[in-house]
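Enquirer: no sequence for this one, just the structure:
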């Protein structure tokens, strides 16, 4: 979300330096973390944090792409039940090969 013009104007009136960030992607967030690490002389810690984040995102991605498939017997039962109730998507069974 971009900063409000009034907010930036008030900050500019203050006797301190500020850094405004507006990351839009994960790559932007990583770059901002590395930038802040450099500014605070914590480059190595920033690099470790980015690495930890990437590892966590990868682990979550692997979990989310693992699909648990129901048994064919259960799928057939659901499809046959749906065929009996048109409001539940009747006719599904006829489109499946058993």
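Expert: Now that the structure is in, tell me what you want to look at. Note that the structure is predicted; figures quoted are calculated from it, not measured.
Enquirer: Count the neighbours of residue 33 for me.
Expert: Other residues lying near residue 33 total 19 when counted by other C-beta atoms under 10 Å. Heads up, the C-betas are built off the backbone N, CA and C, glycines and all.
Enquirer: Please shift the residue numbers so they start at 764 in all later answers.
Expert: I'll keep to 764 as the first residue from here, and by that count the last item is residue 796.
Enquirer: what's next to the helix or strand containing it, contact-wise?
Expert: Per DSSP states H and E, residue 796 falls inside helix 789-802. If you take C-beta atoms under 8 Å, 6 or more residues apart in numbering as the criterion, helix 789-802 is touched by 782, 784, 786, 805-810, 812-813, 816-817, 820.
Enquirer: again, only this time at 10 Å
Expert: 782, 784-786, 788, 805-814, 816-817, 820 (C-beta atoms under 10 Å, 6 or more residues apart in numbering).
Enquirer: PyMOL command for the buried members of those?
Expert: Selection of buried members from the contacts of helix 789-802 for PyMOL, criterion 16 or more other C-beta atoms under 10 Å:
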select buried, resi 809+812+813
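Enquirer: Please list the members of the contacts of helix 789-802 that lie in helices.
Expert: Among these, DSSP state H puts 806-814, 816-817, 820 in helices.
Enquirer: Put together JSON lines for those, with pLDDT on each row.
Expert: Shown next, in JSON lines, are the ones in helices among the contacts of helix 789-802 (pLDDT from 0 to 100):
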{"residue": "806", "pLDDT": "97"}
{"residue": "807", "pLDDT": "97"}
{"residue": "808", "pLDDT": "97"}
{"residue": "809", "pLDDT": "96"}
{"residue": "810", "pLDDT": "96"}
{"residue": "811", "pLDDT": "97"}
{"residue": "812", "pLDDT": "96"}
{"residue": "813", "pLDDT": "96"}
{"residue": "814", "pLDDT": "96"}
{"residue": "816", "pLDDT": "94"}
{"residue": "817", "pLDDT": "94"}
{"residue": "820", "pLDDT": "88"}
